[in-house]
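>>> generate a structure from the sequence data that follows.
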Amino acid sequence: MTDADAESDTAYGDFPLRRFLAMDVSSPGAGAASATIAVGSAHLNPNGVVHGAVLFALLDTAMGSAAMSVLPDGTYCTSVDLQTRFIRPAAAGSLTATVEVVKAGRHVIHLDGQVRDADDRLIATGSGTFTTFTL
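Numbering: from 1, shown residues only. Now for the predicted structure:
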C-alpha cells in the first residue's frame, strides 16, 4: 500500500465494524469508493459461505465513503435505503465492493454498487439512497 492509498483508506474514518471485518476502504476520486475484505472464518455463516450481512456491510461502507467524497466539509450522510441482491455465494479469497454516485442532490444521494470476488465474478449488487445532514 502506498502513502496515497493509506491516506485514502483512512479518509473515511475508522469504526469498530470496519476493524472487526478487517475492511479496507478507499476512494479513488469524487463519487467513487471501494471496500475490500480478505474472507476469513469470521465472515462465514454456518453453511461455510460469506454471510449476507458482510456483503451488505461492504456495500453500505463503500456507499458511505463515495457519498462523503462528494459532500462539502462539515456535511455528513447516512443510509436511508439500501437494497442488496445476492447473486452467488463466496467462501474464500477477497471480495471488493465498488460503488459510484449516480446522482448527488442537495439532500439525497443515489448510489449503485457491485461486490466481486478476486476472479471478477459478480457476488452481489446493491443500490442505495443516502441523506445529507450537518451537525
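
>>> can you tell me which residues contact residue 55?
84, 86, 95, 97, 115, 123, 124 (C-beta atoms under 8 Å, 6 or more residues apart in numbering). Backbone N, C-alpha and C define where each C-beta goes, glycine included.

>>> again, only using 7 Å
By C-beta atoms under 7 Å, 6 or more residues apart in numbering, residue 55 lies in contact with 84, 86, 115, 123, 124.

>>> next: residue 88.
Contacts of residue 88 (C-beta under 7 Å, 6+ apart): 121, 123.

>>> so it, which state does it fall into?
With DSSP: H, G, I helix; E, B strand; the rest coil as the basis, the three-state label of residue 88 is coil.

>>> ramachandran coordinates for it?
phi -150, psi 160 (degrees, to the nearest 10).

>>> count of residues packed around residue 42?
Residues contacting residue 42 under the criterion other C-beta atoms under 10 Å number 11.

>>> again, but for residue 71
17.

>>> ditto for residue 89
Under the criterion other C-beta under 10 Å, the count of neighbours that residue 89 has is 14.

>>> any idea how far residue 82 is from the closest residue to it other than its chain neighbours?
Sequence neighbours aside, residue 49 is the residue nearest to residue 89 in space, at 3.9 Å (criterion: C-beta to C-beta, 6 or more residues apart in numbering). Distance, residue 49 to residue 82, by C-beta to C-beta, to the nearest Å: 21 Å.

>>> need the contact list for the residue nearest to residue 89.
Neighbours of residue 49 in contact, by C-beta under 7 Å, 6+ apart: 89, 90, 91.

>>> with residue 123 instead?
Applying C-beta under 7 Å, 6+ apart, the residues contacting residue 123 are 55, 87, 88, 90, 95, 115, 116, 117.

>>> buried ones from these, can you make that a PyMOL selection?
Of the contacts of residue 123, the buried ones can be selected in PyMOL as follows, counting by 16 or more other C-beta atoms under 10 Å:
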select buried, resi 55+90+95+115+116+117
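
>>> same list (the contacts of residue 123) but as CSV, adding distance to residue 31.
Listed next are the contacts of residue 123 as CSV, based on distance: C-beta to C-beta, whole Å:
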residue, distance to residue 31
55, 22
87, 24
88, 27
90, 26
95, 22
115, 19
116, 19
117, 24
